[in-house]
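[1] Whatever this is, show me its structure:
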Amino acid sequence: MNFQRHPPSTEEIFVDHITHVVEDLNAANADLVKYGFSTSKTADKLPKREPLSIEIILGQGFIKITKSPEYLFSHNNRPSISGLALETNNLEGTQGRLTLSGFHPLPLAQEIFWKTNSYGDSIKADASVCKLRKSDMAEAYVEFIFHDPENSLWQGSNPSHDNSIQALRDIVVGVDDPDEAAGRYSWFANKGSLKKIGDLGWRITLDRGNLIICQSSTLGTLMNAQMLQETTGIIAYSVLSESLEDTFNFFKNKQLNVKKIHESLLLLPLPESVGGCVFIGEKGSEFPWND
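    Here you go, the predicted model:
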């Protein structure tokens, strides 16, 4: 399956990226390369800068690795998955809506991301972001983002990854009270399409990807996965693979601790320098919260 980047249309909301906060970018980058990812720091022609973050650009969405302390909460330490970003095509309107909904959006700001093109060049892509105060969301550093469709992030082919991973899909947030938090995240995302997922919690369906609100202990028990950390915050996220067999064989050949939940679903603990776990499937329907 070929995943192509395209901006959301009016009223659409996409899962855009996930953010890991780490101690050492160089160590994180080296480990991610071992795990089969092409990162913005592995470009042949790097700009003369010491980056505060590196990016793994996928066909849809991306993964951000940063050492910025602004992403840290009292309940998590480095390394951890600490931030989530949703994409909109109307950032100013989203800022106003969030204010009217009782949130406290910060002034719009500019951010710079980097991608590696097929020639090995590192290319800058600007974006505008609307972040919330940390006090609005106790579990994660949340924001909305707008990518100018004309900027270089959308141009040309995206880097391929040796592990065959192609797209970011769902974000799993561990909370103390799933019922309360589901309502709060639903207001944040401006999506009323909540679905109760048995004993697991709630799914908030976006136009690309989902937010899963649950207690981490419940998910770990359901998946028989002791590697899932029992915490308040982002527990894991899901990605899509072009070939699950190729992905599984890649990690096994590297002697990495990938777990086959069943024939259509993998669970991979990311390296200690990065933190967190990732669910991997070929289709979104394979993830346990999408039944």
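
[2] For the rest of this, base every contact and every neighbour count on C-alpha atoms.
    Will do.

[3] Which stretches in the stretch 151-291 of the chain count as helices?
    178-189, 216-223, 244-253 (DSSP state H, counting those that start in this stretch).

[4] do you know which of those lies nearest residue 101?
    Proximity to residue 101 (Cα to Cα) singles out helix 178-189 among these, at 7.0 Å.

[5] Looking only at the closest one, what residues are buried by neighbour count?
    Judged by neighbour count (16 or more other Cα atoms under 10 Å), helix 178-189 contains these buried residues: 178, 181-189.

[6] And for stretch 164-179?
    Using 16+ other Cα under 10 Å as the test for burial, stretch 164-179 gives 164-175, 178.

[7] same thing with stretch 270-286?
    270-271, 273-284, 286.

[8] Could you tell me which of these are located in strands?
    277-281 (DSSP state E).

[9] now, among these, which is nearest to residue 96?
    Using Cα to Cα, these come closest to residue 96 at residue 278, 33.3 Å.

[10] Please verify my assumption that the closest one contacts residue 241.
    No. Using Cα atoms under 8 Å as the test, residue 278 is too far from residue 241 to be in contact (11.7 Å).

[11] Centre-most residue in this protein?
    The centre of the chain sits closest to residue 18, judged by Cα atoms, centre = their mean, with a distance of 2.5 Å.

[12] how close does that residue get to residue 203?
    17 Å (Cα to Cα, to the nearest Å).

[13] Got the domain ranges for the chain?
    Domain ranges of the chain: 14-154, 165-290, per automatic domain parsing.

[14] can you list the weak-confidence ranges in this protein?
    1-2, 42-51, 73-78, 115-121, 149-157, 220-231 (pLDDT under 70).

[15] what's the helix or strand for residue 10?
    Under DSSP states H and E, no helix or strand contains residue 10.

[16] can you pull the contacts of it?
    Each residue near residue 10 by Cα atoms under 8 Å, 6 or more residues apart in numbering is listed here: 89-90.

[17] what about it, distance to residue 91?
    Using Cα to Cα, residue 10 is found at 11 Å from residue 91.

[18] How about the contacts made by residue 94?
    88, 144.

[19] at 10 Å what do you get?
    11, 88, 100, 105, 130, 144-145, 188-190 (Cα atoms under 10 Å, 6 or more residues apart in numbering).

[20] for those residues, which one is nearest residue 114?
    Residue 114 has its nearest neighbour among these in residue 145, at 15.1 Å by Cα to Cα.
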